[in-house]
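Chemist: I'd like to go over a predicted model; first the sequence, then the structure.
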Amino acid sequence: MTLMKREIIMKTDVIPVKDKKVVLGLSGGVDSTTACLLLQQKGYEVTGLYFNVLSEKCINSRENIRKGREKAERAAKELGIQFIYKDMSQEFEKTVIRNFCDEYICGRTPNPCIMCNPNVKFRVLSDTADEIGAEYIATGHYAGTFYDEATGNWHIRKAANEAKDQSYMLYRLPQNIISRLILPLNDVADKEEVREKARTMKLSNADASDSQEICFIDKEDNYEDFIRRMGITSRPGRFVNREGEVLGEHKGVIHYTIGQRKGLGIALGKPAFVTEIDGDNNRIILGDNEELFKKEVISSDNVFACDFKDGIRVTAKIRYAARPAEAMLRNNCDGTVSCIFDDPQRAPTPGQSIVFYVNDILIGGGFIK
């Protein structure tokens, strides 16, 4: 398989005006409102969709639900577009929050956006588009789409501004979603350009702060307390070294992640790092920084937009904020994929995603095993 960089003809440039009806995920933030402005400049008829994911188990839930809806409705009014509100809190709790809690209690570190995007966010966008007769859906993600004529496959691709690129978060989207997806912020140079467009249109959110990292955990809350409110307890256990020697007691596996050094509550006379979390036996393995570097990362539950042959060269990211690194892929007989890096990567973390690119085209990814 060979994917080369090539000039992209955007959906926005080839769709007849009569077919330009789109449902946009509208949070009320500056990214989604600027995405709407860009769509309107291309002649689209935009409907804004805001869906609530907060349940009563989230602290300040009623106030935050009210504020979130009001912010999105205000943006829709300023933009002059139709507005739809949906309550997806029950589906979100069942699909995303439950997985989030289960992963932590098993000693893995989840990324809830990875679960939400294909199973909740883009599904409700697509369903709403079908309900109102819109052909396309859109969001304010910094990424693009690409159609490979040779294979007939759609791909997510990196944003023109790689520093803002969010393609990593979209790797699990299926073909039927990507084929109708428009990402207007793909070619925006930086966040200040987004804010300037909003200022030009006198939008009230032009200088609003960015959204929080985990949307269902309030800034006054923390994920450990949130998990406890979900009825899940994490029992104290033992710190051990690689040889199994007991070093001390930990307060529960949900409080730790691979690579962690601070907040361990144990003194060993030298720097100690979490090198492994053994959820089955409720143990935290501590070791030196050098033990965190891995050349081979194995992933399961992989999704790919195209077939690939063993030995294909890719760049891979082991977490959202990681720099892409040169590597080679290999299919394993148990259905997992091995990513062999040219240079060892620090702290690949079970539960996080590893994502693979050929040039700037995202070909797939999976959960680090």
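Modeler: Here it is on my side, so go on. Numbering: from 1, shown residues only.

Chemist: which ones are touching the closest residue to residue 173 other than its chain neighbours?
Modeler: In this structure, residue 173 finds its nearest non-sequential neighbour in residue 118, 5.5 Å apart by C-beta to C-beta, 6 or more residues apart in numbering. The C-beta positions use only the backbone N, C-alpha and C, and glycine is treated the same way. Taking C-beta atoms under 8 Å, 6 or more residues apart in numbering as the contact definition, residue 118 lies against 172-174, 177.

Chemist: got it, and residue 123?
Modeler: Contacts were defined as C-beta under 8 Å, 6+ apart; by that measure residue 123 touches residue 177.

Chemist: ok, now residue 242?
Modeler: 275, 285, 287, 291.

Chemist: From residue 241, how far out is the first one?
Modeler: This means residue 275. Counting by C-beta to C-beta, to the nearest Å, the gap from residue 275 to residue 241 is 9 Å.

Chemist: how about the helices in this protein?
Modeler: With DSSP state H, the ranges of helices along the chain come out as 11-14, 30-41, 61-79, 89-92, 98-105, 112-116, 122-132, 175-178, 191-200, 223-229.

Chemist: Redo these as CSV? Include mean pLDDT.
Modeler: Converted to CSV, the helices of the chain look like this (pLDDT from 0 to 100):
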stretch, mean pLDDT
helix 11-14, 50
helix 30-41, 92
helix 61-79, 91
helix 89-92, 94
helix 98-105, 94
helix 112-116, 96
helix 122-132, 98
helix 175-178, 97
helix 191-200, 72
helix 223-229, 86
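
Chemist: still on that earlier bit, for PyMOL, write the selection for the buried entries among the contacts of residue 118.
Modeler: Taking 16 or more other C-beta atoms under 10 Å as the burial criterion, the selection of buried members of the contacts of residue 118 in PyMOL is written as:
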select buried, resi 172+173+177
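
Chemist: and which of the contacts of residue 118 is nearest residue 259?
Modeler: For residue 259, the closest of those turns out to be residue 172, at 24.0 Å, with distances computed as C-beta to C-beta.

Chemist: Does that closest one touch residue 117 like I think?
Modeler: Yes: between residue 172 and residue 117 there is a contact at 6.5 Å, judged by C-beta atoms under 8 Å.

Chemist: What residues does residue 347 make contact with?
Modeler: Each residue near residue 347 by C-beta under 8 Å, 6+ apart is listed here: 258-259, 292.

Chemist: What score does it have for pLDDT?
Modeler: Model confidence at residue 347, expressed as pLDDT, equals 97.

Chemist: What separation do you get for it and residue 236?
Modeler: Between residue 347 and residue 236 the computed distance is 24 Å (C-beta to C-beta).

Chemist: and what of residue 307?
Modeler: Plainly put, residue 307 is 47 Å away from residue 236 if you go by C-beta to C-beta.

Chemist: Give the full set of residues in contact with the spatially most central residue of the chain.
Modeler: By C-alpha atoms, centre = their mean, the mean C-alpha position of the chain lies nearest to residue 169, the distance being 3.0 Å. The contact partners of residue 169, by C-beta under 8 Å, 6+ apart, come to 111, 113-114, 117, 141, 320.

Chemist: Try it again at 10 Å.
Modeler: In this structure, residue 169 makes contact with 111, 113-114, 116-117, 141-143, 156, 320, 353, 355, judged by C-beta atoms under 10 Å, 6 or more residues apart in numbering.

Chemist: picking up where we left off before, now do the shared contacts for residue 275 and residue 241.
Modeler: By the contact definition C-beta under 10 Å, 6+ apart, residue 275 and residue 241 are jointly contacted by 285-288.

Chemist: Of those residues, which qualify as buried by neighbour count?
Modeler: So, of the shared contacts of residue 275 and residue 241, 285-286 end up buried under the neighbour-count rule (16+ other C-beta under 10 Å).

Chemist: Count the residues that sit near the closest residue to residue 34 other than its chain neighbours.
Modeler: Distance criterion C-beta to C-beta, 6+ apart; nearest residue to residue 34, sequence neighbours excluded, is residue 194 at 4.6 Å. Here the count is done by other C-beta atoms under 10 Å, and residue 194 has 24 residues near it.

Chemist: So what's the predicted local confidence for residue 206?
Modeler: Turning to residue 206, the model gives it a pLDDT of 63.

Chemist: can you check residue 203 too?
Modeler: At residue 203, the pLDDT value in this model is 68.

Chemist: again, but for residue 163
Modeler: For residue 163, the pLDDT comes out at 85.

Chemist: how deep is it tucked in, by neighbour count?
Modeler: What residue 163 shows, counting by other C-beta under 10 Å, is a neighbour count of 9.

Chemist: Identify the residue nearest it in space, chain neighbours excluded?
Modeler: residue 190 (7.5 Å).

Chemist: measure that neighbour to residue 144 for me?
Modeler: Separation of residue 190 from residue 144 (C-beta to C-beta): 16 Å.

Chemist: Mind checking which of these two has more residues around it?
Modeler: A direct count of neighbours by other C-beta under 10 Å for residue 190 and residue 144 places residue 144 higher, at 25 against 12.
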